[in-house]
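Q: just the structure for this:
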Amino acid sequence: MKYFDGCKTAETLKKKYQKWAKALHPDNNPGKDTTAAFQEMQAEFSAAWDRLKDIHQAADGETYERETTETAAEFMDIIDRLTRIVGIDVELCGSWLWVTGDTKPAKDLLKQIGFRWAAKKGAWYYHREPWHKKGGRMTLDEIRAKFGTEKFASKSPDSLTA
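A: Model (predicted):
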């Protein structure tokens, strides 16, 4: 594997996918044709996802298995759509996607993708799997500390080219 060497869980695979999607997406590389590399990376992600989708990592670093219903194509579509939104920050905490920043202009698109608004956290979240609350409510900072985070900022309006 060229892009996803060392991935042993669904979470690490998703983090690397976000990194590569941002780096290789044709919209993020004006004047450079990255389409073939982007497609190659996506095909590799799909194959790796089929192997790792049910292998997860707990907060303490232990690995466990749990059936995942999300498909590679669904995750790739979400990341592709998010990379096109200007002024937002996307982060992966465990298997949850969180979106912060200037989200008001993108509210309808986020809802359409399947994100929900967490008013107390002031952020949008996406999680495909069934989730049941265990214990008290955590702040977004507590979630980051418990599950780790990988942040990806979108382009600023100044960096966009005509």
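Q: low-confidence stretches in the chain?
A: 59-60, 129-136, 153-162 (pLDDT under 70).
Q: show me the helices in it, by range?
A: Counting by DSSP state H, the segments of the chain that form helices are 10-24, 35-52, 72-82, 107-113, 140-147.
Q: so which of the ones you listed gets nearest Val90?
A: helix 72-82 (5.2 Å; Cβ to Cβ). The C-beta positions use only the backbone N, C-alpha and C, and glycine is treated the same way.
Q: what comes up buried for the closest one?
A: 72, 75-76, 78-79, 82 (16 or more other Cβ atoms under 10 Å).
Q: could you do stretch 142-151 as well?
A: Buried, per 16+ other Cβ under 10 Å, within stretch 142-151: 143-144, 147-149.
Q: quick check, nearest of the residues you listed to Ala37?
A: Closest approach to Ala37 among the buried residues of stretch 142-151 (Cβ to Cβ): Thr149, at 26.4 Å.
Q: re the thing from before, show me the two of the buried residues of helix 72-82 that sit farthest apart.
A: Ala72 and Leu82 (15.8 Å).
Q: so Lys151 touches Leu97, yeah?
A: No - in this structure Lys151 lies outside contact range of Leu97 using Cβ atoms under 8 Å: 11.2 Å.
Q: mind checking how far Ile143 is from Phe152?
A: According to Cβ to Cβ, to the nearest Å, Ile143 and Phe152 sit 16 Å apart.
Q: so who does Leu52 touch?
A: Contact partners of Leu52, counting by Cβ atoms under 8 Å, 6 or more residues apart in numbering, are 7-10, 13.
Q: quick check, nearest of those residues to Pro26?
A: Nearest member of those to Pro26, counting by Cβ to Cβ, is Leu13, at 21.9 Å.
Q: burial measure for the closest one, as a count.
A: 23 (other Cβ atoms under 10 Å).
Q: could you do Lys120 as well?
A: 9.
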